[in-house]
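S.K.: sharing a model prediction with you, sequence too.
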Amino acid sequence: MAFMEFIPNLGRRTLRTVPNLGTASRFLLLSLFAVVNRHFSIQQLLKQVYGFGVRSLLLMMVAAFFTGMVLGFQGYYALVRFGATSALGTLVALSLLRELGPVLTALLFAGRAGSALTAEISSMKATEQLSAMEMMAVNPLAWVVAPRLWAGIIVVPILCVIFDLVGIFGGYLISVPVLGVDGGTFWAQMQSNVAFSGDILTGLFKALCFGLVVTWIAAWQGYAAQPTAEGVGNATTISVVTASLAVLGLDFILTAFLFT
Amino acid sequence: MAAEALVELENVHFARGPHTVLDGVGLRITQGAIVSIMGASGGGKTTLLNLMAGTLAPQAGRIRVAGQDLQALNFEDLYRLRRRMGMLFQHSALFTDFSAFENVAFPLRRHFRLDESVLRKLVLMKLEAVGLRGAAGLMPAELSGGMGRRVALARAMVMDPMLIFYDEPFTGLDPISVGIIATLIRRLNDALGATSILVSHDVQETFSIADYGYILAGGKIIAEGTPDALRTSDSELARQFLGGKPDGPVPFHYPAKDDYATALTGVWAAGEAI
Ligand SMILES: Nc1ncnc2c1ncn2[C@@H]1O[C@H](COP(=O)(O)OP(=O)(O)OP(=O)(O)O)[C@@H](O)[C@H]1O
Ligand SMILES: [Mg+2]
């Protein structure tokens, strides 16, 4: 019985999702290109960049520090069996730059700034602030959505760089002073084995894509929310869940394509 | 009415899903007039204002504002037309992260490059008109409901629009403010040479300033005329509405699938929607 309902349910869900995806994509394109609209303001963009940054910076640094330290311990555990602890610096750096940096930054960003963004836009909708803007002939996509979207695209790679740096420092603190790996080797190995375009740039490219996707989902969930208090709450939850899954899924796709 | 029509609706139909809100509405609003639209709660008055502002599109019928067919306008032209409209929203719709002053200044800042001193003057004049110059620095959260609506009123008129929509301007105001705001609406309308469309349940106050009125019921215009004509109208519907009688042709209840007794005592199939 349950199985018999599964197939039509799946069909119904798909039918509902596909047009939604269409409107969401249209929303994304219109908002991205709204930078040419006369109501797009650089000041608003900077304000959002600052807001996103301030909101997530400390969280990122703490998370990165712990992540790096754990990488130091776990990497040492694996490498010491092969007598290869000199490669610990490389391991910590590559894990962070290629994978953990962009992904964890994006997940934390979705939970912190993304959810706040959804809540902000959906309550603006619920209290008719977006309609009021339209009535004043100011396109809300240009004034509200575009600065936030671009701010997300700009901020996530920057946060990712900070995450990587703090993480590597955390890894160093565990590896060298605590576990006794030679400091010179730690840095030298890292330096000679990390490729600028292959490792650093691909990581930043991932972060950029994640920034776009997380902010897009957060803004769209807010924009399409039911204009009620309950709708605001629901949208916020859905935003975080969807954005996190999207980051992990997209990470797989990007890794498969960028893998060299 | 020989004067030119600023807003004209012909046979406008609008439905929300299966629920018909407007069922063939026709209106003709002349330049310079204050026109009131009255009708039961949930009757589609706000919807009607949104249609005239082009924020909603009708499923059928034609809406012309200032000689332009709203359905035929592209996005740019619609926005250009809206710069000459003002709307007071039913629930204020103030921007929560801006002070009262910045709320009123918002449309000016967005559309013109004004000297800060000129802008300040314009905004303070409008705030003074609604009696809230002293509250210019307060945030929306620090305003009472009625004060918020007055700030919203100042914002709606700051661009000196040719067409102003007022959605329930009197609700939540004390009797003194109601009188002042009513006079203000009239004065503003005449000073700007604007046209005002006023949705309100406050029959006395509305009729004291309106030139013409429409009564909306069951998705249709059931009566129209000058306030005096409406008061003495022999339409049963109009009298029921203006007299506030609960029973009569205008239903108080939103249509339900079954009658009340069955709804309370009947047996439902499991999972049936309410
Ligand atoms: N966003 C919406 N989604 C679905 N239905 C809606 C929406 N807005 C309004 N409606 C429906 O449209 C009908 C008309 O609503 P409208 O807000 O125009 O009424 P109104 O005359 O302004 O009422 P009130 O005097 O209470 O403000 C109502 O039956 C309402 O249920
Ligand atoms: Mg209403």
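M.R.: Cool, got the structure. Ligands and ions are numbered 1, 2, ... in the order given.

S.K.: so where's chain A shaky on pLDDT?
M.R.: Along chain A, the parts satisfying pLDDT under 70 run over A:1-4, A:17-18, A:260.

S.K.: same check on the stretch 151-274 of chain B?
M.R.: B:244-255, B:257, B:261, B:263, B:266-274.

S.K.: which non-adjacent residue is nearest residue 179?
M.R.: Since no chain was named, I'll use chain A. A:Tyr76 (5.1 Å; Cβ to Cβ, 6 or more residues apart in numbering or on different chains). No exception for glycine: its C-beta is placed from N, CA and C like everyone else's.

S.K.: switch to chain B, that's the one I care about
M.R.: Spatially, and ignoring its direct neighbours in sequence, B:Gly179 is nearest to B:Glu205 (7.5 Å; Cβ to Cβ, 6+ apart).

S.K.: what about that neighbour, neighbour count?
M.R.: Here the number of neighbours of B:Glu205 (other Cβ atoms under 10 Å in any protein chain shown) works out to 21.

S.K.: how near is it to A:Met190?
M.R.: As for B:Glu205, its distance to A:Met190 is 77 Å (criterion: Cβ to Cβ, to the nearest Å).

S.K.: for A:Leu71, same thing?
M.R.: Noted for A:Leu71: a distance of 12 Å to A:Met190, by Cβ to Cβ.

S.K.: quick one: secondary structure of the closest residue in space to B:Met157 that isn't next to it in sequence?
M.R.: Excluding its sequence neighbours, the residue lying closest to B:Met157 (Cβ to Cβ, 6+ apart) is B:Gly86, at 5.5 Å. Here B:Gly86 is recorded as strand under DSSP: H, G, I helix; E, B strand; the rest coil.

S.K.: ok, back up a step: give me every residue that touches the residue nearest to A:Leu179.
M.R.: Applying Cβ atoms under 8 Å, 6 or more residues apart in numbering or on different chains to A:Tyr76 gives the contacts A:Thr85, A:Leu88, A:Ile174, A:Ser175, A:Leu179, A:Val181.

S.K.: helices of the chain, start to end?
M.R.: Chain wasn't specified; assuming chain A. With DSSP state H applied, chain A shows helices at A:2-33, A:42-80, A:88-94, A:101-109, A:115-126, A:129-135, A:140, A:146-173, A:183-193, A:202-223, A:229-258, listed in chain order.

S.K.: actually it's chain B I care about, not the one you picked
M.R.: B:45-53, B:75-82, B:100-111, B:116-129, B:145-157, B:175-192, B:203-209, B:227-231, B:236-243, B:260-265.

S.K.: out of those, which is closest to ligand 1?
M.R.: helix B:45-53 (3.2 Å; Cβ to the nearest ligand atom).

S.K.: may I have the phi/psi pair for the one residue in the stretch 51-200 of chain B that gets nearest to ligand 2?
M.R.: Among all residues of the stretch 51-200 of chain B, B:Gln90 sits closest to ligand 2, at 4.9 Å; criterion: Cβ to the ion. The phi/psi pair for B:Gln90 (degrees, to the nearest 10) reads phi -60, psi -30.

S.K.: residues in contact with the nearest residue to B:Val178 once chain neighbours are set aside?
M.R.: Counting by Cβ to Cβ, 6+ apart, B:Val178 lies nearest to B:Phe170, which is 4.9 Å off, once chain neighbours are set aside. By Cβ under 8 Å, 6+ apart, the contact set of B:Phe170 is B:Val178, B:Ile181, B:Ala182, B:Ser200, B:Asp202, B:Glu205, B:Thr206.

S.K.: so what's the one residue in chain A that gets nearest to ligand 1 up against?
M.R.: Nearest residue of chain A to ligand 1, counting by Cβ to the nearest ligand atom: A:Pro227, 6.8 Å away. Residues in contact with A:Pro227 (Cβ under 8 Å, 6+ apart) are A:Ser122, A:Lys125, A:Ala126, A:Glu128.

S.K.: let's have those in a markdown table, adding neighbour count.
M.R.: Listed next are the contacts of A:Pro227 as a markdown table, based on neighbours: other Cβ atoms under 10 Å in any protein chain shown:
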| residue | neighbour count |
| --- | --- |
| A:Ser122 | 29 |
| A:Lys125 | 23 |
| A:Ala126 | 20 |
| A:Glu128 | 20 |
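
S.K.: circling back: A:Leu71 and A:Met190: which is more packed in?
M.R.: Comparing A:Leu71 with A:Met190 by neighbour count (other Cβ under 10 Å), the higher total belongs to A:Leu71, at 24 against 21.

S.K.: how near is the residue positioned nearest the centre of chain A to A:Gly249?
M.R.: Centrality entry for chain A: nearest residue to the mean C-alpha point is A:Ala106, 2.1 Å, by Cα atoms, centre = their mean. A:Ala106 is 12 Å from A:Gly249, where distance means Cβ to Cβ.

S.K.: swap in A:Phe82?
M.R.: Taken as Cβ to Cβ, the span from A:Phe82 to A:Gly249 is 33 Å.

S.K.: ok, and the closest non-adjacent residue to whichever residue of chain A sits closest to ligand 2?
M.R.: Closest approach of chain A to ligand 2 (Cβ to the ion) occurs at A:Glu128, with a separation of 11.1 Å. Using Cβ to Cβ, 6+ apart and skipping the chain neighbours, the partner closest in space to A:Glu128 is B:Ala93 (3.8 Å).

S.K.: pretty sure the one you found is touching A:Thr127, no?
M.R.: Yes - between B:Ala93 and A:Thr127 there is a contact under Cβ atoms under 8 Å: 6.2 Å.

S.K.: quick one on the thing from earlier: for the residue nearest to B:Val178, phi and psi?
M.R.: phi -100, psi -10.

S.K.: what is the neighbour count of A:Leu88?
M.R.: 28.

S.K.: if we can go back for a sec, and the gap between the residue lying closest to the residue of the stretch 51-200 of chain B closest to ligand 2 once chain neighbours are set aside and B:Gly131?
M.R.: Closest residue to B:Gln90 apart from its sequence neighbours, by Cβ to Cβ, 6+ apart: B:Asp167 at 4.2 Å. Per Cβ to Cβ, B:Asp167 is found 20 Å from B:Gly131.

S.K.: nice, that's everything, thank you.
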